[in-house]
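**Q** just to be clear, the model below is a prediction. Sequence and coordinates:
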Amino acid sequence: MAKKNPLSDEALELVARRFAALAEPMRLRLIQALFEGERSVNDLVEATGGTQANVSRHLQTLTQAHILSRRKEGLQVFYAIADPSIFKLCELVCGSLEKQLTRQAGALGGG
């Protein structure tokens, strides 16, 4: 692997903020619910089982972090994934964790 230059303090701060925005199970649920495309707030409330207020708050955080985009149509608000790198990030992290959980289950005789 080629050695990369270290990130500046400013860049590291941005990376930390991105991970902080993702460090909440409900936000990850919302992102997962948007993998297949744009959805309304009502759809997302139903898909995640959260309350309207809680879902709206998390959607706002993800939008401010430029992870999601927001579009208003009449009284409806629609959200979509704005940063395609989220797909790859989730694939890497989720795939790695899935392998780890499978190994642990096998070691415990449960798999």
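**A** Structure's in. What do you need? Numbers count the residues shown, from 1 in each chain.

**Q** helices or strands up against the worst-scoring helix or strand of the chain on mean pLDDT?
**A** Sorting the helices and strands of the chain by mean pLDDT, DSSP states H and E puts helix 85-107 at the bottom, at a mean of 78. With contacts taken as 3 or more C-beta pairs under 8 Å, 6 or more residues apart in numbering; DSSP states H and E, helix 85-107 sits against helix 25-33. C-beta here means a position set from N, CA and C on the backbone, and glycine is covered the same way.

**Q** what mean pLDDT does the helix it packs on have?
**A** For helix 25-33, mean pLDDT rounds to 93.

**Q** residues contacting Q52?
**A** Applying C-beta atoms under 8 Å, 6 or more residues apart in numbering, we find Q52 in contact with V41, V45.

**Q** if we use 10 Å, what do you get?
**A** V41, N42, L44, V45 (C-beta atoms under 10 Å, 6 or more residues apart in numbering).

**Q** ok, now L12?
**A** Contacts of L12 by C-beta under 10 Å, 6+ apart are P6.

**Q** same check on T63?
**A** By C-beta under 10 Å, 6+ apart, the neighbours of T63 are A21, S69, R70, Y79, A82.

**Q** separate out the buried members of those.
**A** Neighbour counting with 16 or more other C-beta atoms under 10 Å marks A21, Y79 as buried within the contacts of T63.

**Q** in helices, which of the contacts of T63 appear?
**A** A21 (DSSP state H).

**Q** of the contacts of T63, closest to L89?
**A** The closest of the contacts of T63 to L89 turns out to be A21 (C-beta to C-beta; 11.7 Å).

**Q** and for the spatially closest residue to the closest one that is not a sequence neighbour, the neighbour number?
**A** Ranked by C-beta to C-beta, 6 or more residues apart in numbering and with sequence neighbours excluded, the top spatial neighbour of A21 is A65, at 3.8 Å. A65 has 18 neighbouring residues, counting by other C-beta atoms under 10 Å.
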